[in-house]
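1. Next input, structure requested:
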Amino acid sequence: MAGLRFTDLQSRPTEFLDFTSLTLDEFHQLVPPFEAAFQAHMAAWRMDGKPRTARQFAVYANCPLPMPEDRLFFLLTYLKTYPLQVVQGRLFGMVQGKANQWIHVLLPALLAALRTLGDAPTRSLTALAQRLGVAEADAATLVTPLEKEPAPVTATPVVAPASPLLPMTGRNGASSAPKTLLNRPTVIAGRKRTIR
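-> Residues are numbered from 1 along each chain as shown. Predicted coordinates for the structure are as follows:
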C-alpha cells in the first residue's frame, strides 16, 4: 500500500507548510539532528519498545518510512493535524499498529533534536527567562497567564411540589441485603430450598 512521501510535497511549498507548519528551509535544518537522534534511539531500542540486544537497526526495502525526510514528515504531519492513528497510517501506507509504533519511536527523537537545536519547549518561567537572556520578571510580562475560569454558578435547588413519586425516588437507607464477609477464610453460600 503506497502512501504519502516527502518527495510528493516538496515541490509544493504552500501545501507542505499546511501539512507540517514548517517551511522547506526549516524542515531541512531539522532533518540532520532528527536523524541523528533517531539513529541513537534505534541503536538502543527496538521498534516494539524493548531494549535492543542482537541486531543493529537497518532500513528494509519494504519500510513504510525509508528516508529520514519521510520519518520527519510523517511525525510533523501527525503533530500538526493530529488525526486518528488509523487515518495517519492509511495516509502513509501502513496499518494503525505500525503508525502507533512509528509515532512512539519518532516522538522522543524529535524532542531530542529540538533540545539539540535549543528549540525544545520550556515548561518553567525560569527556563524561558534563561533562554531569552532576560530577567525572570521581564519574561513574566511576555507570558500571558491563563485566565482563571469563573467558579460554576450553582443554582439553589428548587423545591418540588409534594408528589407521590418523590418519596420513591429519594435516596435509600441502608441496604437490607445480608452482607457477605469476605475476610473469612471460607465463604459458605447456601440455598433456602433444594432443587432436585
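2. By mean pLDDT, point me to the weakest helix or strand of this structure.
-> Comparing every helix and strand of the chain by mean pLDDT, DSSP states H and E singles out helix 165-169 as the least confident one, with a mean of 50.
3. where does the chain have low pLDDT?
-> Counting by pLDDT under 70, the chain contains low-confidence residues at 1-2, 144-192, 194-196.
4. Could you rerun that using 50?
-> Applying pLDDT under 50 to the chain flags the ranges 165-166.
5. where along it do the strands fall?
-> Along the chain, counting by DSSP state E, no stretch forms strands.
6. Tell me how far the residue nearest to A140 when sequence neighbours are not counted lies from D119.
-> The spatial neighbour of A140 that comes closest, neighbours along the chain excluded (Cβ to Cβ, 6 or more residues apart in numbering), is L125 at 6.0 Å. Where you see a C-beta, it was placed from the backbone N, CA and C, and this is true even at glycine. When distances are taken as Cβ to Cβ, to the nearest Å, L125 and D119 turn out to be 18 Å apart.
7. now C63
-> Taking Cβ to Cβ as the criterion, C63 is separated from D119 by 28 Å.
8. now swap in P13 and tell me
-> Counting by Cβ to Cβ, the gap from P13 to D119 is 21 Å.
9. Q101 is in contact with Q85, correct?
-> No - here Q85 lies out of contact with Q101, judged by Cβ atoms under 8 Å, at a distance of 9.9 Å.
10. and L142, how many neighbours?
-> Applying other Cβ atoms under 10 Å, we find 11 residues neighbouring L142.
11. hmm, I was thinking of R131
-> Counted with other Cβ under 10 Å, the neighbours of R131 add up to 13.
12. pretty sure it is in contact with A120, am I right?
-> No - using Cβ under 8 Å, R131 and A120 do not qualify as a contacting pair, with a distance of 9.5 Å.
13. all helices of this structure, in order?
-> Chain-ordered helices for the chain, with DSSP state H as the definition, fall at 6-9, 13-20, 24-44, 68-81, 85-91, 96-117, 125-132, 136-142, 165-169.
14. TSV please, covering the ones you listed and showing distance to R55.
-> Formatted as TSV, those follow (distance: least, Cβ to Cβ, whole Å):
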stretch	distance to R55
helix 6-9	27
helix 13-20	32
helix 24-44	11
helix 68-81	19
helix 85-91	25
helix 96-117	16
helix 125-132	39
helix 136-142	47
helix 165-169	66
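15. how much space is there between M94 and G133?
-> Using Cβ to Cβ, M94 is found at 43 Å from G133.
16. higher neighbour count, those two?
-> A side-by-side neighbour count of M94 and G133, using other Cβ under 10 Å, places M94 first with 21 against 8.
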